[in-house]
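Engineer: Give me the fold of what follows.
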Amino acid sequence: MKNNKGFTLVEILTAVTILGILSALAIAGYTRYIEYAKKQSYNTMAKSMSTAAEQYIIDNPGDYMETEVVDTAEGKKYVFKDEETFTTTFGKLVEDGYISGAQDPTNKSTDCRGYVRIGLVKGEGKDALDQYIYQIDECCANYSARYTYTYVKDSNGKIKSKEEVDTTVEKSTMCPDKGRFTIATINCGESEEQTYYFKHGMNVVEWAHSNYAKSIIDEEISWYDEDNESNRNYIKNDLANRLYRQTSDCYSGGYGYGYGYGYGPFERRNLEGETPDYESCPPHVLEDGEVITFSYGCPV
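Structural biologist: Residues are numbered from 1 along each chain as shown. Take a look at the predicted model:
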């Protein structure tokens, strides 16, 4: 006679519990693997940027930044005396052909921003070798870190050793949420520059319609047009169009400038030409440190 007895409730619960534990361990292991792979992809990018920076400094030997070595409880630290500046940027290295691109390894639709500092510590003594310090601040959409590498070169300029001396995975202080750009206005030969803030990833049209730009418009035109809200809106739209046309690589519509009134780039000027098609020709995304120049001739 066959025994048709099935599993007891205790046996089923035990099996389910074991499967749950195994699944949790598998998911945790997979998550750690994904994080490790993600970090390695950004490490690789930073090393590629340091290699590009090596060639950059060969071509621009006067761009070394003043650096000093500080002994700490954790070991030697390489300190750049000016923390507010940098030697070059990821964008500049790409633009000048030192590296092919700065695409975010885990988000292919965007590029990483980044800053490169290059320092030189001269060796002291007869046989002492010079040390070259490369500090890479990597600023990506979902990841930011600072990497520091040192190179020691022999008397022939050949790299004798190269090591990664420090990696800080916390958000780099060089990766703020906001960047700065400059609008330079040349009016009848007289030039004026003003620097403004923007949120990273913001294009010129979004910036012109932001609350930040609106507050500037309110402040700059209040001296002659205190209560005219429609004029403020006109200037905001006019500024968006002028920034778009001035920075666009694909806009083909003609345009002209009329003589306006106001302050610098926030003057009211009548534009001619087609209405921009933002879908087929997207607005320019602002870049940290860039300068947008408007040049106007003298009234006849």
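Engineer: In terms of helices and strands, where is Gly29?
Structural biologist: Under DSSP states H and E, the secondary-structure element containing Gly29 is helix 9-59.
Engineer: Partner strands of the helix or strand just after that helix and their direction?
Structural biologist: Next along the chain after helix 9-59, taking DSSP H and E as the criterion, comes strand 67-72. Using DSSP bridges, the strands paired with strand 67-72 are strand 75-80 (antiparallel).
Engineer: Report the rounded mean pLDDT for the strand it pairs with.
Structural biologist: What strand 75-80 shows for mean pLDDT is 75.
Engineer: just how off-centre is that strand within its chain?
Structural biologist: 24 Å (C-alpha atoms, centre = their mean, to the nearest Å).
Engineer: What helices and strands are in contact with the helix or strand harbouring Thr148?
Structural biologist: Using DSSP H and E, Thr148 sits within strand 143-153. Contact here means 3 or more C-beta pairs under 8 Å, 6 or more residues apart in numbering; DSSP states H and E; on that basis strand 143-153 packs against helix 9-59, strand 131-140, strand 159-168. All C-beta spots, glycine's among them, are computed from the backbone N, C-alpha and C.
Engineer: Next up, the contacts around Lys81.
Structural biologist: By C-beta atoms under 8 Å, 6 or more residues apart in numbering, the residues touching Lys81 are Met65, Glu66, Thr67, Glu68.
Engineer: How is this protein divided into domains?
Structural biologist: 38-168, 178-296 (automatic domain parsing).
Engineer: what mean pLDDT would you report for the strand holding Thr148?
Structural biologist: 80.
Engineer: That strand vs strand 67-72, what angle?
Structural biologist: Relative orientation of strand 143-153 versus strand 67-72 (axes from the mean of the first three to the mean of the last three C-alpha atoms, to 10 degrees): 110 degrees.
Engineer: For the stretch 101-250 of the chain, just list every one of the strands.
Structural biologist: Using DSSP state E, counting those that start in this stretch, the strands of the stretch 101-250 of the chain run over 103-104, 107-111, 113-121, 131-140, 143-153, 159-168, 178-187, 190-199.
Engineer: Need these in CSV (columns: distance to Gln55).
Structural biologist: Shown next, in CSV, are these (distance: least, C-beta to C-beta, whole Å):
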stretch, distance to Gln55
strand 103-104, 20
strand 107-111, 20
strand 113-121, 11
strand 131-140, 12
strand 143-153, 13
strand 159-168, 12
strand 178-187, 26
strand 190-199, 31
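Engineer: ok, back up a step: mind checking which of the contacts of Lys81 are buried?
Structural biologist: Met65, Thr67 (16 or more other C-beta atoms under 10 Å).
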